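# sharing a model that was predicted from the sequence below.
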Amino acid sequence: MATTREAEARWIRLCRADEIGEAQSRGFDPDDEGQDSLFVVRRHGQLHGWRNACPHIGGAPMAWRRDAYLNADGTRIVCHAHGAEFVPDTGLCVQGPCRGERLSRLELVVIDGELFVKS
Ligand code: FES
């Protein structure tokens, strides 16, 4: 039997999956909060969804400009505030003030080429 939280979970359409290319990132504001609450990166062909909340200072937004969550070669997620670097497919911080902590993963699914996130 599903818990109340599971029963309340819903899938929200974000975009077409192929709009996010290899080593690219994109932020989303599915709840119309006025700033992106989550972002998606593609690494080694796989899409990964993360809350836009740095573990160094809980809730701090990470992009230095819209959709800019990755370093220049797309190998690390970078928090603009203090330079923490995260592995794109695990969310593990490998460099910076929150080394050893992780981003919060979001569940993604692609159906008929459309990308959805579980709220
Ligand atoms: S808030 Fe992200 S590194 Fe400090």
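Sure thing, it's come through.
# how about the residues of this structure that lie near the ligand?
54, 56-57, 60, 79, 81-82, 84, 96-97 (C-beta under 6 Å from any ligand atom). (Each C-beta comes from the backbone N, C-alpha and C, glycine too.)
# could these be laid out in a markdown table, adding neighbour count and pLDDT?
As requested, these are exported to a markdown table (neighbours: other C-beta atoms under 10 Å; pLDDT from 0 to 100):
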| residue | neighbour count | pLDDT |
| --- | --- | --- |
| Cys54 | 24 | 98 |
| His56 | 18 | 97 |
| Ile57 | 13 | 94 |
| Ala60 | 15 | 93 |
| Cys79 | 26 | 98 |
| Ala81 | 15 | 96 |
| His82 | 12 | 97 |
| Ala84 | 25 | 98 |
| Gly96 | 18 | 97 |
| Pro97 | 15 | 97 |
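# any idea how far apart the tips of stretch 91-103 sit?
End-to-end distance for stretch 91-103: 5 Å, by C-alpha to C-alpha, to the nearest Å.
# list the contacts of it.
Stretch 91-103 is contacted from outside by 48, 50-51, 53-56, 76-77, 79, 82-87, 90, 104-105, using C-beta atoms under 8 Å, 6 or more residues apart in numbering.
# do the same with stretch 19-29
14-15, 35-45, 47, 52, 63, 66-70, 73-75, 77, 115, 117.
# now, the residues you listed that are in strands?
14-15, 38-43, 47, 77, 115, 117 (DSSP state E).
# between the residues of the chain next to the ligand, which is closest to Val109?
Among the residues of the chain next to the ligand, Cys54 lies closest to Val109 (C-beta to C-beta), at 25.3 Å.
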